[in-house]
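Q: below: sequence and its predicted model.
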Amino acid sequence: MAKLHDLLKLQHKKLLRERKGTVGVLWRNFVRTVNETLWQEESKREQLERTADFNAREITKRNSHIQAIFETFPDIFFVVSPRGEIAEANGAALEEMGRPVGYWQGKTLAEFPNTEIGRRFQDGLERARNTQTTATLEFAFMVAGRLAFYEARLRPTDNNQTLVLVRDITARKVALEALKASEERYALAARAANDGLWDWNLPSNRIYFSPRWKSLLGHTDGEIENHPNAWWERIHPDDVELVKQAFTHLGEIGKDTLEIEYRIRHRDNSFRWVETRGIAVRDAAGTAYRIVGSQTDITPRKEAEERLRHEGFHDKVTGLANRSLFMDRLTNVLDRVKRQPGYLISVIYIDLDRFSSVNERVGHEPANRLLEAVGARLRSFARVGDTVARLGDDEFAILLDGIPNDRAAVVFADRMRELIASPCDVGPEEITVTASLGITLNNPDSSSAETLLNEAESAMQRAKQAGKNCQELFSRENYSRLVSKLRIETELRRAAERGELELFYQPIFNIPTARLIRLEALIRWNHPQRGMVSPLEFIPIAEETGLILNVGEWVINAVCEQARAWHDAGRGPVGIAINVSPRQFQQHNVLTQFGTALTKISAYGFGLELEITEGAAMHDVDQSVKVLRSLREMGVHISIDDFGVGYSSLSCLRLFPLNTLKIDRGFVQGVPKVKDNTAITNAIIGIAHSLGLSVVAEGVETEEQLAFLRDQGVEEAQGYLLGRPMPAKDISPLLPLKT
């Protein structure tokens, strides 16, 4: 039998002395069983003792670790007994609060960190124990000369103790205060800003609209949902795609900003113009996750721009399109016509007849009201799609966009002319004004708006010449003549300063003596490309445009300079005849011009003769008589040019202080073979002689003509037989030498 347990061995010896026999065997078996049981229990006890010793060491170790953690932990940790006393205290922050850790053990929580704050701790302690939940409180305390903020959490335990954790939240508090101040500044700025602000979170697809953004559209803060659809559904249908594309491009890499103008619906259902600016915020991968921006109401600016645009393209008096807008629309229509062969359009050019006299009679304001009324009539009669414009003072134009044929344009113009001619009450009187209209249609040659308008204006000018209050359809032949006239006018304006003008002189001879007695100064235009331009081509244009005044002044000065040159060259004196145009003769300074010229020429020993046509003299008979008498008294020789082709009466002719009558070459050329010419020539010679005037025959080309004129007593003659018009250098040898 194995070694007995010590306690069992003592009992076993005692019982063996008392018991003998078979009982002893049974007893030994029983003792063996008990012995084994006792050893097992002893082994377990020893194992438990070893385990308990290990656990005690582990607990001590862990407590040491926990103690070290709490001693270095920045937060303050209290264990409060059921009576409210601080049983344990840890935390480095306790030292900063001015008391060592050990000071607080045994103190009541109501004293921490002072009695004033302690009362709040006591209230929190009671609240936590009563509700068996965590109680929280915040307090501020001066630490090392600075105000520190703390948060305390009180949590009851199962053994009626309370755990208290106190954390320094100064940094968090300052950050929160700074964030709050920043948010307040942002909110104040958003409210104070005239712009509406928005912030679009792309992952959540939610948009923040500031109150100002909503108020710009007439809504209060809670009336618009923070969703993109609340934005898109208010955008003008014509602008939605534009705005969406702008935002789509903003999401692309490298495109971080947008600036776009569009229309958006206001609460009153009107559309306002706004300008939206935005910027994309991207993550580290470059993906846009947020877009922020502003929205500004630019309706006043857009309205101002529209007014300026309207004023820039519309007439202020009539409200019609001006020339710029008319030409722009005409250009656009012509571009469309090129893509639609056979499509007809028409331009009608309208000019009010004698409007300047109406303006002078009634004054500026009534005349403007008349223009306004005419513009309104034109606009009311025009079709939808047509353009009515005021081009100038009293000039209008209509673009008929799409007509079946030229007759439709003529009928339209005729009705328009009748409408204009209706009396108009503009105060203080009723005014009736007529108009001349020019009509043109598009054709392959009229490829530009300028050409088409010029064609219509050309037709209008022909209507003016035809007697006014009528209309003319454009003719290319007439237009070519007009273009030629315009080219001549433009080039003639620069001819004198370019030295292209020069004087030729045709000699006038005394028939009985065959002596040169006068020269007729004739202007010539030596064009650098066209050569010599006939006076018959440019003089009528100069007369029509008023350029004849400049040309006439140039002639007078050139004659004076040539007289001086001949004088200096020792050539003897003769008379020099200068042709005066009707327009030049009507100028108020005609006496001064010829008086000055006479003074210069006379100083060189030459005489001055003024040649004037019958038509010019008969324009204002009384004025002509006064001017001619004054010139005659100065010593100017007066001659009526081209006599016989005008309409002067013999009674008026008798009033003019003349020296000479010049028979037109048309009559001279037929003598003596053509009886009518011979009879007329004889009659003119007889009239002149009866009035005491000498006669000059123009266009003498044959000896037969010269003999006839000599036989009829004509004193002077000029023509190709006697001498062609020549430059001054060629005529100089024919002049007599000074004696």
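A: Arrived safely, thanks for sending. From a predicted model like this one, the values you see are computed outputs, not experimental measurements.
Q: mind listing the helices for the stretch 451-600 of the chain?
A: 476-495, 535-545, 548-568, 582-585, 590-603 (DSSP state H, counting those that start in this stretch).
Q: buried sites along the shortest one?
A: So the one you mean is helix 582-585. 583-585 (16 or more other CB atoms under 10 Å). Where you see a C-beta, it was placed from the backbone N, CA and C, and this is true even at glycine.
Q: dump those to CSV, plus distance to residue 400 and pLDDT.
A: As requested, these are exported to CSV (distance: CB to CB, whole Å; pLDDT from 0 to 100):
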residue, distance to residue 400, pLDDT
583, 38, 90
584, 43, 91
585, 45, 91
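Q: pick the one among the residues you listed closest to residue 532.
A: The nearest member of the buried residues of helix 582-585 to residue 532, counting by CB to CB, is residue 584 at 22.9 Å.
Q: surely the closest one meets residue 550?
A: No: at 10.0 Å, residue 584 and residue 550 do not qualify as touching, with contact defined as CB atoms under 8 Å.
Q: any residues in contact with both of the two?
A: Here residue 584 and residue 550 have no joint contacts, going by CB atoms under 8 Å, 6 or more residues apart in numbering.
Q: where does the stretch 301-450 of the chain have low pLDDT?
A: 427, 445-446 (pLDDT under 70).
Q: strands of that one, start to end?
A: 345-352, 387-390, 395-401, 424-425, 430-431, 435-441 (DSSP state E, counting those that start in this stretch).
Q: centre of the chain to stretch 626-640, how far?
A: Relative to its parent chain, stretch 626-640 has a centroid offset of 62 Å by CA atoms, centre = their mean, to the nearest Å.
Q: what mean pLDDT does that stretch get?
A: For stretch 626-640, the mean per-residue pLDDT is 94.
Q: just the CA coordinates for it, please, in CSV.
A: Provided in CSV are the C-alpha atoms of stretch 626-640 (Å, rounded to 0.1, in the frame of the first residue of the first chain):
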residue,chain,number,x,y,z
LYS,A,626,-28.4,143.9,-110.6
VAL,A,627,-25.3,141.6,-110.7
LEU,A,628,-24.7,142.2,-114.4
ARG,A,629,-24.9,145.9,-114.1
SER,A,630,-22.5,145.9,-111.2
LEU,A,631,-20.0,143.8,-113.2
ARG,A,632,-20.4,146.0,-116.2
GLU,A,633,-19.7,149.1,-114.1
MET,A,634,-16.5,147.4,-112.8
GLY,A,635,-15.4,147.0,-116.4
VAL,A,636,-16.2,143.3,-117.0
HIS,A,637,-17.3,142.5,-120.6
ILE,A,638,-20.7,140.6,-120.5
SER,A,639,-21.7,138.0,-123.1
ILE,A,640,-24.7,135.8,-123.4
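Q: list the contacts of that stretch.
A: 575, 577, 585, 590-591, 594-595, 598, 602, 607-614, 617, 648, 653, 656-662, 696.
Q: what are the buried residues along it?
A: 627-628, 631-632, 636-640.
Q: and the closest residue to residue 584 other than its chain neighbours, what's its pLDDT?
A: Take residue 584 and drop its neighbours on the chain: the residue closest to it by CB to CB, 6 or more residues apart in numbering is residue 552, 4.3 Å away. Reported pLDDT at residue 552 in the predicted model: 94.
Q: could you do residue 658 as well?
A: Looking at residue 658, its pLDDT reads 92.
Q: what's around it, how many residues?
A: Using other CB atoms under 10 Å, residue 658 has 22 other residues around it.
Q: name the nearest residue to it, ignoring sequence neighbours.
A: Distances taken as CB to CB, 6+ apart put residue 638 closest to residue 658, at 5.0 Å, once the chain neighbours are dropped.
Q: how far does the helix or strand residue 294 falls within sit from its chain's centre?
A: Element membership for residue 294 (DSSP states H and E) is strand 288-297. In terms of CA atoms, centre = their mean, the centre of strand 288-297 is found 28 Å from the chain centre.
Q: do stretch 387-401 as well
A: Centroid separation for stretch 387-401 versus its chain: 23 Å, with CA atoms, centre = their mean.
Q: just the terminal-to-terminal distance for it.
A: Length of stretch 387-401, first residue to last, CA to CA, to the nearest Å: 8 Å.
Q: residues in contact with it?
A: The contact list for stretch 387-401, computed with CB under 8 Å, 6+ apart, reads 315, 317-318, 320-323, 325-326, 329-330, 333, 345-352, 355-356, 371, 374-375, 378-379, 382-383, 385-386, 408-409, 412, 416, 453, 456.
Q: mind redoing it with 6 Å?
A: Outside stretch 387-401, the residues that touch it by CB atoms under 6 Å, 6 or more residues apart in numbering are 315, 318, 320-321, 323, 326, 329-330, 333, 345-352, 355, 378-379, 382, 385-386.
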